[in-house]
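Student: Pasting the sequence and the predicted model now:
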Amino acid sequence: MRVVVFPFDLFGSGGTGAGAKLLADTVHEILDDTEQETRPCRADVLRGQVQLKELAFDTPAAVAKWRQRGRAAARQALDSREFVLWLGGNHLAVLPLLEELGDETLVIQFDAHLDVYRFHDTTAELSHGNYLKHFDGPRPRLVNVGHRDLFLTPPEIHETFEMVYPAWDVANDPHRVAYELKAEASSATRVWIDLDCDAFDPSVLPAVTQPLPFGLLPPVFLTLYEAIWHGPVMGLSISEFDPGRDWRQTSLNLLGWLVEYTLLKAANR
Ligand SMILES: [Mn+2]
């Protein structure tokens with residue numbers, strides 16, 4: 001398995017780079033604990049199986065080449081054909097990866113927002129709120145789950161998204177949504193899961209810069225997540241975790257568990 005740590009957090013949600021690094025620490029901790037464990041444990045399957053690549057943005061040159069570096073790191077990880085966990089800073093940190101996935105990949109994106117905003121007060125320049133409009137090359141197939149957007153019109157949404165399952169649809173009938181996601185994932189060539197942390201309700205994951213109420217709760221998320229895993233899931237990206245806004249490590253606990261659960265799940269396929 002490949003873990004890529006890409007703590008880029010410019011042009012929105014400054015501070016989320018620290019979130020990517022903190023989740024990388026969690027992965028190190030999981031691996032170190034497993035290494036020291038003398039009794040049989042589920043994490044034995046991870047021994048010697050997880051490679052971490054940690055990129056830094058601590059020089060002007062490293063920042064200037066962020067997109068090329070991201071694409072190179074994504075290509076290298078994807079070429080391994082192993083499961084990839086991409087730990088991004090802000091949501092923009094996932095763009096180079098999405099650009100490498102190609103148009104055959106179904107990206108199921110958990111996000112409170114539909115990142116295609118171009119209103120009078122939003123920037124036309126590339127940002128974490130509009131990057132889905134700035135693809136370099138073919139865009140993967142995009143499906144949103146859990147958005148609470150109240151601005152965009154359906155025609156605008158469907159310019160970019162093949163399908164959206166807003167939070168109110170999920171709340172109304174999570175099992176129908178799970179059923180449909182299972183069917184879509186199962187029939188896809190490849191599936192990538194993209195989690196923007198603000199998809200979760202702020203009460204269970206407060207550490208985000210753009211919180212919106214009425215988000216997903218963990219049991220419902222798990223129902224949908226499990227459904228997607230019926231398909232050929234090639235990786236998971238996590239972004240927009242801002243630990244400076246966390247409260248008693250609530251968010252870190254949730255994400256740490258999800259990371260460990262996912263690594264075990266991928267290793268046991
Ligand atoms: Mn978002």
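Tutor: Okay, I see it.

Student: CA atoms for contacts and neighbours, from now on please.
Tutor: Will do.

Student: now Leu52, what's its secondary structure?
Tutor: strand (DSSP: H, G, I helix; E, B strand; the rest coil).

Student: from what I can see it touches Lys21, true?
Tutor: No: the pair Leu52 / Lys21 is not scored as a contact, 11.6 Å apart, by C-alpha atoms under 8 Å.

Student: Mutual contacts of the two, please.
Tutor: Val5 (C-alpha atoms under 8 Å, 6 or more residues apart in numbering).

Student: more crowded one of those two?
Tutor: A direct count of neighbours by other C-alpha atoms under 10 Å for Leu52 and Lys21 places Lys21 higher, at 21 against 16.

Student: Does the more buried one touch Val3 like I think?
Tutor: No: contact between Lys21 and Val3 fails when scored by C-alpha under 8 Å: they sit 11.7 Å apart.

Student: Strands of this structure, start to end?
Tutor: Along the chain, counting by DSSP state E, strands occupy 2-6, 51-54, 84-88, 105-110, 141-145, 163-165, 190-196, 233-239.

Student: partners of the shortest one in the sheet?
Tutor: What that stands for is strand 163-165. With DSSP bridges as the test, strand 163-165 is paired with strand 141-145 (parallel).

Student: who's in contact with the partner strand?
Tutor: With C-alpha under 8 Å, 6+ apart, strand 141-145 has contacts from 103-111, 114, 160-167.

Student: quick one: it to chain centroid distance?
Tutor: The gap between the average C-alpha position of strand 141-145 and the chain average comes to 12 Å, counting by C-alpha atoms, centre = their mean, to the nearest Å.

Student: How about stretch 256-269?
Tutor: On C-alpha atoms, centre = their mean, the centre of stretch 256-269 falls 14 Å from the chain's centre.

Student: near the ion, which residues of this structure show up?
Tutor: Residues of the chain lying close to the ion by C-alpha under 5 Å from the ion are 111-113.

Student: how near is Leu205 to the ion?
Tutor: 13 Å (C-alpha to the ion, to the nearest Å).

Student: what's the neighbour count on the closest residue to Leu46 other than its chain neighbours?
Tutor: Leaving aside its sequence neighbours, Leu46 sits nearest to Ala267 (C-alpha to C-alpha, 6 or more residues apart in numbering; 6.8 Å). Counted by other C-alpha under 10 Å, the residues lying close to Ala267 total 17.

Student: Any stretches of the protein with poor pLDDT?
Tutor: Counting by pLDDT under 70, the chain shows no low-confidence range.

Student: Tell me which other helices or strands the helix of greatest length in it touches.
Tutor: For the chain, the helix with the greatest residue count under DSSP state H is helix 16-36. Packing partners of helix 16-36 (3 or more C-alpha pairs under 8 Å, 6 or more residues apart in numbering; DSSP states H and E): strand 2-6, strand 84-88, helix 250-267.
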